[in-house]
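J.: Sequence first, then the predicted structure:
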Amino acid sequence: MINYFRIELRCLQNSYNTLTMPYKHNLDRCHKFKKSKYKVTNWANYNDSLRKRGDITIWFSDDAVTGWHPERIVGKRGRPQKYSESAIECCLMLRQVYGLPLRQTEGFTSSLINLMGLEVEASDYSSISRRSISLGLMRWQ
């Protein structure tokens with residue numbers, strides 16, 4: 001009976017000889033691995049690399065910009081298309097990469113066009129939605 005009491009009391013004590021909660025009886029053995037430490041020697045390069053993590057570089061190719069608005073086809077019935085297939089594909093690619101809804105895709109594309117200083121208009125979300133069905137692109141999940 002006395003040995004049982006000593007074993008129980010020893011389980012309830014940690015390495016500092018203070019009583020703890022029963023679920024913390026492995027506290028002295030649970031942190032046996034030391035945290036790894038990395039020593040930075042060149043702080044200027046380290047700070048620059050941390051700043052560049054947030055940098056994003058996106059551009060439209062020259063072919064996409066020149067073909068943004070399609071040429072008008074004479075003799076075809078109906079309203080002419082305002083945006084080419086390559087413009088719609090660019091918008092859909094941005095939408096898939098960043099997981100944006102249609103209206104946010106329109107805003108993101110227009111902000112990229114403004115940042116690049118291009119002389120084209122961003123396609124509106126309804127055109128992106130309607131033309132994405134007719135393009136027949138493979139949808140990513």
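T.: Yes, it's here.

J.: Would you map the helices across this protein?
T.: Per DSSP state H, the chain carries helices over the ranges 2-11, 43-52, 62-66, 85-98, 102-116, 125-135.

J.: Return the most buried member of those.
T.: Greatest average neighbour count among those goes to helix 85-98 (a mean of 17), per mean count of other Cβ atoms under 10 Å. Heads up, the C-betas are built off the backbone N, CA and C, glycines and all.

J.: Check whether residue 91 really touches residue 105, as I assumed.
T.: Yes: using Cβ atoms under 8 Å, residue 91 is in contact with residue 105, at 5.6 Å.

J.: Among the helices of the chain, which comes closest to residue 29?
T.: Among these, the nearest to residue 29 by Cβ to Cβ is helix 2-11 (12.0 Å).

J.: before we move on, back to that, can you list the helices of the chain in TSV and add mean pLDDT and distance to residue 35?
T.: Shown next, in TSV, are the helices of the chain (pLDDT from 0 to 100; distance: least, Cβ to Cβ, whole Å):
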stretch	mean pLDDT	distance to residue 35
helix 2-11	47	27
helix 43-52	84	19
helix 62-66	85	49
helix 85-98	89	35
helix 102-116	91	40
helix 125-135	86	49
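
J.: want to throw those helices into TSV with distance to residue 73?
T.: Listed next are those as TSV, based on distance: least, Cβ to Cβ, whole Å:
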stretch	distance to residue 73
helix 2-11	85
helix 43-52	46
helix 62-66	17
helix 85-98	13
helix 102-116	25
helix 125-135	16
